[in-house]
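[1] The sequence and its predicted three-dimensional model are supplied below.
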Amino acid sequence: MGKILVTGGAGYIGSHTVVELLNKGEEVVIIDNFSNSKKEVLDNIKKITNKDFKFYEINYLDRDAVEKVFEENDIDSVINFAGYKAVGESVQKPLEYYENNIGGAVILLETMKKYNVKKFVFSSSATVYGNPEKVPITEESKIGGTTNPYGTTKLYIEQILQDLYKSDNTWDICILRYFNPVGAHESGLIGEDPKGIPNNLMPYITKVAAGILPELSIFGNDYNTKDGTGVRDYIHVVDLAKGHLLALDKLNKEDNGIFIYNLGTGKGYSVLEMVETFKKVNNVDVPYKIAPRREGDIAECYADPSKAKNELGFEATKNLEDMCRDGWNYQKKQL
Ligand code: UD1
């Protein structure tokens, strides 16, 4: 079998997936332009796995550079992690988000077509469900109503993939809708280290616990949920990474198709449960205050994970304690 091209392989979910691919003995080619990641990640992947891979520092909008990668390597499938992902920033810079995420995906798909590579795994997000009509969310739930350009890029790329498959059913496509990825590799060598003040809950908690930020603001305690705070389906990034290997297995053995899976645990935890668990397992303090709701937030979002379980054999194995412990272990090593 040929090599697996991983775009954004130095990023948070990409790096964890590369580790799992290398551990399985796959041959990996990474492209990344370090727009939101660091070069050291590549060395740390090698430290964890004791394996090597090919790397190109290129922007996936650079069509000639992407073509060169396909020219020089026998690529068999592509996992596309590359993309901008900051919700707030996407509201300020919609054109950059549409150009980068959608333009990059289209260039990648065109290049794949040119080189007759037709297996594609796409990083989508539960954000495509907008404000869900009911939870748990199944893959059949209505999509649309995204509240920011970042989410809309995911929605549009999903549509592009549907149209592409309709035009040529020799493509083999897997769309993975992630719920809330958190935690880090247990080695503490790779994880999520957002630049500046984090938007997402877990990195914010770790920065407060580390004393880098003074306190957490809990955005609203008057939602119609178990304790009034927002409920999400947090999934350990290593579990999530393994889901990509199962998706590739599916594309490698099944007849062609376009498949969509939720990747979550099926369990919803509130912001307060997350904070309390983090404090308890790590024995650290996380000062917080209750703040107004954040615009665009929904009360509750968690997956029905049964389709991924039945068709991919995917099941999250790590619990909230693991997520909190590993997230903190990584953060401590960054201090
Ligand atoms: C967000 C994005 C989503 C994206 C995902 C990536 C929005 C509206 N959605 O999801 O599109 O795919 O990140 O992981 O931004 N919270 C606080 N205080 C904080 C930060 C968060 O109370 O400082 C709460 C939020 O209100 C929410 C929960 O924690 O209830 C999780 O928030 P977050 O980690 O930002 O993820 P989502 O909003 O679910």
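    That came through, no problem. Computed from a predicted structure; not experimentally measured. Numbers count the residues shown, from 1 in each chain.
[2] For the rest of this, base every contact and every neighbour count on C-alpha atoms.
    Fine.
[3] Which positions in stretch 35-54 come out as buried?
    Buried residues in stretch 35-54, counted by 16 or more other CA atoms under 10 Å: 36-37, 41-42, 44-46, 48-49.
[4] Centre of the chain to that stretch, how far?
    Relative to its chain's centre, stretch 35-54 lies at 18 Å (CA atoms, centre = their mean, to the nearest Å).
[5] Compute the first-to-last residue distance for that stretch.
    19 Å (CA to CA, to the nearest Å).
[6] and the two most separated of the buried residues of stretch 35-54?
    Greatest spatial distance in the buried residues of stretch 35-54: Asn36 and Thr49, 22.5 Å, computed using CA to CA.
[7] circling back to that earlier point, looking at the buried residues of stretch 35-54, which is nearest Gly104?
    Asn36 (15.4 Å).
[8] Might you enumerate the residues of the chain proximal to the ligand?
    Proximity of the chain to the ligand, by CA under 6 Å from any ligand atom, involves residues 87, 125, 127, 151, 180-181, 199-201, 204, 216-219, 230-232, 271, 296-297.
[9] Narrow these to just the buried residues.
    Buried among these (16+ other CA under 10 Å): 87, 125, 127, 151, 180-181, 201, 204, 216-219, 230-232, 271.
[10] Report pLDDT for Ile197.
    With respect to pLDDT, Ile197 has a value of 89.
[11] Sorry, slip of the keys, the one I care about is Ile58.
    So Ile58 comes in at 98 (pLDDT).
[12] Thr229: how many residues sit nearby?
    23 (other CA atoms under 10 Å).
[13] now it, nearest residue through space, not along the chain?
    Nearest non-adjacent residue to Thr229, counting by CA to CA, 6 or more residues apart in numbering: Asn221, 4.4 Å away.
[14] Now the phi/psi pair for that neighbour, please.
    phi -130, psi 30 (degrees, to the nearest 10).
[15] So Val281: helix, strand or coil?
    helix (DSSP: H, G, I helix; E, B strand; the rest coil).
[16] what sits against Leu335?
    Ala210 (CA atoms under 8 Å, 6 or more residues apart in numbering).
[17] What's the separation between it and Ala209?
    Distance from Leu335 to Ala209, by CA to CA: 12 Å.
[18] again with Ile30
    Separation of Ile30 from Ala209 (CA to CA): 33 Å.
[19] Inside helices: which ones of the residues of the chain next to the ligand?
    The helices, defined by DSSP state H, take in 87, 151, 201, 204, 271 from the residues of the chain next to the ligand.
[20] Closest to the ligand out of those residues?
    Comparing those against the ligand with CA to the nearest ligand atom places Leu201 closest, at 3.8 Å.
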